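Asks: My questions are about this predicted structure, shown below with the sequence.
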Amino acid sequence: MSRRGSRLGGTMLSLDDARWGELKHAYGNASDIPELLKQLSTLPAAIGEVEPWFSLWSSLAHQGDVYSASFAAVPHVIAALAENPMKADSTYFQFPAWVECCRANKGVPIPDDLMWDYKEALSQLPYLVAKASTRPWDEGFLQCAFGAIAAAKGQASVAEAVMELNSETAEKFLEWFFDK
């Protein structure tokens, strides 16, 4: 298995490793995922640009399901985010958080050979949120950043709730909370 050092200081599955063909995603083998991940190096994507995110989400976090390739892809997404967290859009925080939420919710096992890289990459999310803290945040970015911190700290339910919580739902939650 070919490994390469990541920009985070650890290792991750190389994008040219034949192992991608053994990994699975929603539509079969994951040999197409490295090409999509390579596109993340053009951070940030143009506003409104749907690829490669649409294909990554559809393949790797399909309707709440995650796959072996999801765990190999997350370190690459976080490595791309680490290149410039000040310019990354919220999806770079949301995607790894959502993969972790889905993994925890459905009890999907992480392949042994991908576990360290996956967990190490997730552990970098709070640091990367802090690095992005001086940029302007809209409500969506706030949701994704807070969700990423919660997911990285093993709080998948909180991460999912925070990523769903906007101004309107927060007001309703507070009304419910204080009325109970």
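Replies: Alright, I've got the coordinates. Being a predicted model, the structure only gives us computed values, none of them experimental.
Asks: For stretch 135-145, give me every contacting residue.
Replies: 86, 89-91, 93-94, 97, 129, 132, 162-167 (Cβ atoms under 8 Å, 6 or more residues apart in numbering). Backbone N, C-alpha and C define where each C-beta goes, glycine included.
Asks: Distance from the chain centre to that stretch, please.
Replies: When C-alpha coordinates are averaged (Cα atoms, centre = their mean, to the nearest Å), stretch 135-145 and its chain have centres 15 Å apart.
Asks: Show me what counts as buried in it.
Replies: 137, 141, 143, 144, 145 (16 or more other Cβ atoms under 10 Å).
Asks: Need the pLDDT of residue 174.
Replies: Note for residue 174: predicted pLDDT of 89.
Asks: residues contacting it?
Replies: With Cβ under 8 Å, 6+ apart, residue 174 has no contacts at all.
Asks: Please tell me how far the closest residue to residue 39 other than its chain neighbours sits from residue 175.
Replies: Once flanking residues are discounted, residue 39 sits nearest to residue 52: 4.2 Å by Cβ to Cβ, 6 or more residues apart in numbering. Residue 52 sits 40 Å away from residue 175, going by Cβ to Cβ, to the nearest Å.
Asks: Compare those two (neighbour count), which wins?
Replies: residue 52 (18 against 10; other Cβ atoms under 10 Å).
Asks: follow-up on the earlier one: the residue nearest to residue 39 against residue 34, yeah?
Replies: No: counting by Cβ atoms under 8 Å, residue 34 is not a contact partner of residue 52; they are 10.8 Å apart.
Asks: excluding its backbone neighbours, what's nearest residue 51?
Replies: Closest to residue 51 by Cβ to Cβ, 6+ apart is residue 39, at 7.0 Å.
Asks: typed the wrong thing, it's residue 58
Replies: With Cβ to Cβ, 6+ apart, the residue lying closest to residue 58 is residue 26, at 6.7 Å.
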